[in-house]
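Visitor: model this:
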Amino acid sequence: MAFPLSVAALAAGLVVSAPSSDATSTFVVRIGGDCSAAAAQVVEQTGGQLLSVQPVGDTCIITVLVQGNGQRPRKVTVKVPM
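Guide: Numbers count the residues shown, from 1 in each chain. Here you go, the predicted structure:
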């Protein structure tokens, strides 16, 4: 499923935490718009494969699978305040 990536979403300011050494990382990204725009931006930034998008209250929880360098892929969860 492809998500349109808007210029506004790309130009939005981002706050991203540093990745941890464990298998699951959590990033916080702040952008305006709906969950599809947020998901498209997270996929673009991580280079990962979209696994799920869940709107929860005023937040989108986006999970992507990111390939490692010769390692097994890791699951990355991103919370996007709306």
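Visitor: what's the model's confidence in stretch 45-63, averaged?
Guide: Mean per-residue pLDDT for stretch 45-63: 93.
Visitor: neighbouring contacts of the one helix or strand residue 62 maps to?
Guide: Here residue 62 sits within strand 59-66, counting by DSSP states H and E. If you take C-beta atoms under 8 Å, 6 or more residues apart in numbering as the criterion, strand 59-66 is touched by 34-35, 38-39, 42-43, 46-55, 73-82. Just so you know, the C-beta spots here come from the backbone N, C-alpha and C atoms, and that holds for glycine as well.
Visitor: averaging pLDDT per element, find the lowest-scoring helix or strand in this structure.
Guide: helix 7-11 (a mean of 35; mean pLDDT, DSSP states H and E).
Visitor: residue 38 against residue 80, yeah?
Guide: Yes. Counting by C-beta atoms under 8 Å, residue 38 does reach residue 80; the two are 4.1 Å apart.
Visitor: what segments of the protein are strands?
Guide: Assigned by DSSP state E, the strands in the chain fall at 24-28, 49-56, 59-66, 74-81.
Visitor: pull the longest helix from this protein.
Guide: Counting by DSSP state H, the longest helix found in the chain is helix 35-46.
Visitor: report the buried residues of it.
Guide: If you call a residue buried by 16 or more other C-beta atoms under 10 Å, then helix 35-46 has these buried ones: 35, 36, 37, 38, 39, 40, 41, 42, 43, 45, 46.
Visitor: got it, and stretch 55-69?
Guide: Buried residues in stretch 55-69 (16+ other C-beta under 10 Å): 60, 61, 62, 63, 64.
Visitor: okay then, goodbye and thanks.
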